[in-house]
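> I would like to see how this sequence folds:
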Amino acid sequence: MARYTGPKSRIARRFKEPIFGPDKSLAKRQYGPGQHGPNKRRPKTSEYGIQLMEKQKAKYTYGILEKQFRNLYKKAKASNGITGEALLQLCEQRLDNVVYRFGISPTRSGARQFVSHRHITVNGQVVNIPSYQVKEGDVIGVREKSKSIPGITASLANNNKSFDWMEWNPAEMSGKFIKVPERVQIPENIKEQLIVELYSK
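Sure, this is the predicted structure:
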């Protein structure tokens, strides 16, 4: 299972955003990583560098490596809508992201693990592919044998987020993916146009 396994706090400090979830080190050191700390003289970032950073931030946020991300971009470019918006929509439709949005896991990496370990079902069938694209009307739930897992029950108990394009049924521990979200509904701080400009070169 291809995934990023490097230092997460270092990446979060680079972007100055908690892209992997709450991070104590980010609150303590609100500057980029490096041995010289906040006093390090950092060169002005070029236009290409800004675009690259935005792409990297999107990849780390959704837990996608380069090959998968480029394939999603090609799919978004071939769609009828706005390429940047379509790219983020495809990221939002990934099964691991949907599991995270429902609050079954507090992090996307945890959601990815739940999916790959066969704890998640789609329309009643076990799906263990994190990149599976969820469609409108699909019902995503916790497998019957997995409903008592402490990590899942604790995450759902502490979840206080809800999204207009999803509907959760706590009694059944399942939710319906009602529709593909519009760009204004996606809360991630990503400038998708910069990513489109980078790949268009």
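
> Which residues lie in contact with Pro170 in this structure?
By Cβ atoms under 8 Å, 6 or more residues apart in numbering, Pro170 lies in contact with Leu156. In short, each C-beta sits where N, CA and C put it, glycine included.

> Tell me how far it lies from Thr153.
Relative to Thr153, Pro170 is positioned 11 Å away (criterion: Cβ to Cβ, to the nearest Å).

> could you measure the residue nearest the centre of the chain against Ser79, distance?
For the chain, Tyr62 is the residue whose C-alpha lies nearest the centre (Cα atoms, centre = their mean; 2.8 Å). According to Cβ to Cβ, Tyr62 stands 18 Å off from Ser79.

> cool, and Gln133?
Going from Gln133 to Ser79 by Cβ to Cβ gives 12 Å.

> do Gln185 as well
In terms of Cβ to Cβ, Gln185 sits 18 Å off from Ser79.

> What of Trp165?
From Trp165 over to Ser79 the distance is 18 Å, taken as Cβ to Cβ.

> Looking at the longest helix anywhere in the chain now, give me its mean pLDDT.
Determined from DSSP state H, the single longest helix within the chain is helix 47-62. Averaged across helix 47-62, the pLDDT comes to 91.

> Next: stretch 164-178.
When pLDDT is averaged over stretch 164-178, the result is 96.

> Between its first and last residues, how far does it reach?
Taking Cα to Cα, to the nearest Å, stretch 164-178 runs 8 Å from one end to the other.

> Which positions within it qualify as buried?
Neighbour counts over stretch 164-178 (16 or more other Cβ atoms under 10 Å) mark 165-166, 168, 173-177 as buried.

> same deal with stretch 113-126?
Buried residues in stretch 113-126, defined by neighbour count with 16+ other Cβ under 10 Å: 113-116, 119-122.

> in this protein, which segments are predicted with low confidence?
By pLDDT under 70, the low-scoring segments of the chain are 1-42.

> And the helices in it?
8-15, 24-28, 47-62, 66-78, 83-92, 95-102, 108-116, 150-158, 192-199.

> Pick the most buried one from those.
Scoring those by mean neighbour count under mean count of other Cβ atoms under 10 Å gives helix 95-102 as the most buried, with a mean of 25.
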